[in-house]
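Colleague: based on what follows, work out the 3D shape:
(2 chains)
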Amino acid sequence: MTRKRNQKITDLSPALPLDTLTSIKQSITMNTLTRNLLLGIGAILLAGATLFACQTAGTQRVGDSDAAQKVYVPPGEHDEFYAFMSGGFSGQLTVYGLPSGRLLKTVPVFSHFPENGWGYTEETKNMLNTSYGFAPWDDAHHPELSMTDGVPDGRWIFINGNNTPRVARIDLTEFETTEILEIPNSAGNHGSPFITPDSKYLVATTRFSVPVPNRDMPIDEYKGNFKGMLSFIRADQPGDMDVAFQVLVPGYNYDLAHSGKGPSYGWMFFTSYNSEEANTLLEVNASQNDKDFIAAVNWQRAEECIEAGNARQMPSRYLHNYMDEAHIAQTEEKTSVTVLEPANCEQLVYFLPTPKSPHGVDVDPSGQYIVAGGKLATVIPVHSFEKMQQAIANEDFETVIDGIPVLNYESVIAGEVENPGLGPLHTEFDGKGFAYTTAFISSEIVKWELGTWQVVDRIPVYYSVGHLMIPGGDSQQPAGKYLVALNKITKDRYLPTGPELAHAAQLIDISGEKMKMLLDFPTMGEPHYAQAIAADMIKDKQVQMYPLEENTNPYGIKGEGEARVERDGNEVHVYMSTIRTHFAPDNIEGIQVGDKVYFHVTNLEQDWDIPHGFAILGMNTAELLIMPGQTRSLIWEPKTEGVYPFYCTDFCSALHQEMQGYVRVSKASNNVPLAFGTGN
Amino acid sequence: MKTRSLIQRLLPLLVIGVLLISLSACSSDTDTSNNTEEEANSSQTGGLSEAELENGIGPVESVTLSDKIDEELEERGEEIFKSKCAACHKLEERYVGPPLSTVLSDRTPEYVMNMILNPDEMIKKHPEAKAMLAQYLTPMPNQNHGGRS
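Modeller: Residues are numbered from 1 along each chain as shown, chains lettered A, B, ... in the order given. You can find the predicted model right below:
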């Protein structure tokens, strides 16, 4: 019964970075000095001076009016960047404006979303189908913008589902999920969906190696029997994502990835840990080896091997869900996948030894350097692509594992960043020769210089930062103006809201030599990773409404004159229209207990920002939210007789409260005829 | 079987006229969001010109209705009328908006077309359109002929 109350601030001290402790000490010292000086002058002045000193300490910690100006977006004006943050365990994607940190939208992806009926409506529910059945939740980690010539192009953003391996495409003219592909032979799709500079492929990895194909076998026979898969998915054909091929690799945990670019175009780099192949107590057993591996995969070589017939087709059942031309989600089943084994395709995969249980792998804008975040390492190792190629040419191998040569660490390393903070995880770049790495354990961001490998600045963040994001910071052209720290622990940063707290994002100015903290803002779910792009790349392409003439939903209607109710056995279809401010029909009689009633509601409006909603008493799904020109459908099965009101749920006009109707439900087998109408 | 009143035959023509004009008007900027400055000026200068009061505000400056009715256009116009207008308008009685049987004796054809093409600005600026909104409370919806889709 002893529930934890508000934790004392002192509990946080291990997480408070040294810089903060120093600045607090300094402010105490200054206070004391001030007091000594002023003792003879008088108590009133003392009080004033103390206040001043306190303000100074506060300023050093959180920013100043200059910071406020930098994030202020006046009413009616727009932010400079769209930021896309993963919802983590909400399974969604959230959209923020930067630098204001204002929440603009939640885009449902792998999760039910009652706000607009996503996953409930007849038109969207197929989007959540998997080979395991209907899966209305997932853990969405890494948003990834599509790219052209190595630069985010604003066409689509992709995001992964970890738990039931999936990747999704979100169309950035509608901000709507238009496609979800399941990944076969994989478990824990963490290292995904990192994309090539031309958007040809995005990747998906196995975090939890499993028997391939999956089968009933003892867990302690893991070693050698469980396998990982590195999947390459064709990404540049909307509506047609598919697994192009999979590479079968040893049973490690494949964690994160990033594509080569420039000179390293054609390669994809994946981190792995648990090269020990432990199957229990991984926190100890998977931390034994001094080095694990970055797997460098030459996907152009994979294409050659497939062309030469060195791959095999493996029977695998997985689903692909996509929006068809009528904006209705369809599910197609796939039954086999192309699998390559490194032993049958020489020069396909190389292992780069990397200390120690590496997490992030990030490629600098020039494409020359491959930076690893070794969670348990004391340095940040940076591999050289050029040296890697030389080592390959010289066959400078330590050993070979399952047909995969392991390159010598000393032969491929370009440099090690000393004193990078504790628990380095992820790195992004500013395009001006500097890299920024998060240190989870010491709660800070460390800025260092490419080439000299010297740390040049560090800033504390609150608390326990995971990913960081610079707009374009993983591309060939970063916009090195802002950095967002995506923190895992919130504690005392906001007004407390019970045991669960919003995760904290922090906006940092990186335009100058020194990093400068600008803003804290709360985020939804777990903003695991994020991407951002200049608003100009997206905002003028936004769909404002769907032309009625192009509505091809088979239950859609083109005008109020087509509104009707049709019975087919115990199935009833209501073809309904909405326009400010009425439904047609709005009085319906002749429905019977036991009927399956489908409401197909078409919004006849053709104006921007005039959606209508629909809900009916006792329904067991979520509302319909229907955009102008769109048709959305829900099923309703009344269980008792009576009169059921329905209404518009989206405040649409001055007479919104008048926008309602009734359905009369009678006993089964009765004499009430089917009848409907509006205004008569 | 059907004998149509003049208004029944003319309205579809106006509607099709609107469609044709809107196609060419797509590129011209009738977007109300850019008009704040202009709006401020016009309220300072006392508002609308005689022509605007007579013919409404919008892309249509003059229309000549010929005596002969093009039956093909009439048919297309009727279709559009059914899909875009009939949800709110009947001819002889009030539905959501006003009855339309007398609209061409009360308003010029230019006014009717501008009200269809540019309802947002009309409702904001034209005294007649403002008065109608106050009376009927549901705004004439923008059919968004230039909207991005």
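
Colleague: how about the residues of chain A by chain B?
Modeller: Counting by C-beta under 8 Å from any C-beta of the partner chain, the positions of chain A adjacent to chain B are A:541-548, A:550, A:558-561, A:577, A:579-582, A:584, A:604-608, A:610, A:628-629, A:653-655, A:679. C-beta coordinates here come from the backbone N, C-alpha and C atoms, glycine included.

Colleague: tell me the mean pLDDT for stretch A:521-530?
Modeller: For stretch A:521-530, the mean pLDDT works out to 93.

Colleague: how far does it stretch from start to finish?
Modeller: End-to-end span of stretch A:521-530 (C-alpha to C-alpha, to the nearest Å): 14 Å.

Colleague: before we move on, back to that, show the buried residues in the residues of chain A next to chain B.
Modeller: If you count burial by 16 or more other C-beta atoms under 10 Å in any protein chain shown, the buried members of the residues of chain A next to chain B come out as A:543-546, A:548, A:558-560, A:577, A:579-582, A:584, A:604-608, A:610, A:628-629, A:653.

Colleague: C-terminal to the worst-scoring helix or strand of chain B on mean pLDDT, what's the next element?
Modeller: Of all the helices and strands that make up chain B, helix B:36-44 has the lowest average by mean pLDDT, DSSP states H and E, namely a mean of 47. The element immediately downstream of helix B:36-44 (helix or strand, assigned by DSSP states H and E) is helix B:50-55.

Colleague: which parts of chain B are helices?
Modeller: Along chain B, the stretches classed as helices by DSSP state H are B:6-25, B:36-44, B:50-55, B:71-80, B:103-106, B:109-117, B:119-125, B:127-136.

Colleague: please work out which of these is packed deepest.
Modeller: Each of the helices of chain B was assessed for mean neighbour count using mean count of other C-beta atoms under 10 Å in any protein chain shown. The highest is helix B:109-117, with a mean of 23.

Colleague: that one and chain A in contact?
Modeller: No - in terms of C-beta under 8 Å from any C-beta, no part of helix B:109-117 sits within range of chain A; the closest distance is 11.6 Å.

Colleague: then that helix to CSV, C-alphas only?
Modeller: What follows is helix B:109-117, C-alpha atoms only, in CSV (Å, rounded to 0.1, in the frame of the first residue of the first chain):
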residue,chain,number,x,y,z
PRO,B,109,-26.7,36.5,-63.7
GLU,B,110,-23.3,37.8,-62.8
TYR,B,111,-24.3,38.1,-59.2
VAL,B,112,-25.5,34.5,-59.1
MET,B,113,-22.4,33.2,-60.7
ASN,B,114,-20.1,35.2,-58.4
MET,B,115,-22.0,34.0,-55.4
ILE,B,116,-21.4,30.4,-56.6
LEU,B,117,-17.8,30.9,-57.5
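
Colleague: so which elements touch it?
Modeller: helix B:6-25, helix B:50-55 (3 or more C-beta pairs under 8 Å, 6 or more residues apart in numbering or on different chains; DSSP states H and E).

Colleague: if you average pLDDT over each of those, which is lowest?
Modeller: Sorting the helices and strands packed on helix B:109-117 by mean pLDDT places helix B:6-25 lowest, at a mean of 63.

Colleague: ok, and the closest non-adjacent residue to A:His383?
Modeller: Once its chain neighbours are removed from consideration, A:His383 has its nearest residue in A:Ile370; the separation is 4.2 Å (C-beta to C-beta, 6 or more residues apart in numbering or on different chains).

Colleague: just checking: what are the partner strands of the helix or strand containing the one you found?
Modeller: Per DSSP H and E, A:Ile370 falls inside strand A:369-374. When pairs are called by DSSP bridges, strand A:369-374 turns out to pair with strand A:358-363 (antiparallel), strand A:379-384 (antiparallel).

Colleague: so what touches the last one?
Modeller: Put plainly, it is strand A:379-384. Applying C-beta atoms under 8 Å, 6 or more residues apart in numbering or on different chains, the external contacts of strand A:379-384 come out as A:294, A:352, A:354-355, A:358, A:368-374, A:412-418, A:420, A:424, A:427, A:437, A:448, A:450, A:453.

Colleague: buried subset of those, written for ChimeraX?
Modeller: Selection of buried members from those for ChimeraX, criterion 16+ other C-beta under 10 Å:
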select /A:294,352,354,355,358,368,369,370,371,372,373,374,412,413,414,415,417,420,424,427,437,448,450,453
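
Colleague: one step back: for the residue nearest to A:His383, give me its contacts.
Modeller: The contact partners of A:Ile370, by C-beta under 8 Å, 6+ apart, come to A:258, A:264, A:269, A:294, A:296, A:352, A:361-363, A:382-385, A:388.

Colleague: got the phi/psi numbers for the closest residue to A:Glu277 other than its chain neighbours?
Modeller: For A:Glu277, the nearest residue in space outside its immediate sequence neighbours is A:Lys223; the separation is 4.5 Å by C-beta to C-beta, 6+ apart. When quoted as degrees, to the nearest 10, the phi and psi of A:Lys223 stand at phi -60, psi 120.

Colleague: ok, A:Ser475 next?
Modeller: Phi and psi for A:Ser475, reported as degrees, to the nearest 10, are phi -110, psi -170.

Colleague: you'd agree it is up against A:Val151?
Modeller: Yes - between A:Ser475 and A:Val151 there is a contact under C-beta atoms under 8 Å: 5.4 Å.

Colleague: more neighbours: the two, which one.
Modeller: Counting neighbours by other C-beta atoms under 10 Å in any protein chain shown for A:Ser475 and for A:Val151 shows that A:Ser475 has the greater number, 27 against 17.

Colleague: now do the contacts for that one.
Modeller: With contacts defined as C-beta under 8 Å, 6+ apart, A:Ser475 is in contact with A:Met147, A:Gly150, A:Val151, A:Pro152, A:Pro197, A:Lys261, A:Pro365.

Colleague: recalculate using a threshold of 6 Å.
Modeller: A:Gly150, A:Val151, A:Pro152 (C-beta atoms under 6 Å, 6 or more residues apart in numbering or on different chains).

Colleague: which pLDDT value belongs to it?
Modeller: We have a pLDDT of 98 for A:Ser475.

Colleague: okay, now the residue lying closest to A:Val461 once chain neighbours are set aside: neighbour count?
Modeller: Spatial nearest neighbour of A:Val461, chain neighbours left out: A:Ala485 (4.4 Å); criterion: C-beta to C-beta, 6+ apart. One way to gauge burial is a neighbour count; for A:Ala485, by other C-beta under 10 Å, it gives 26.
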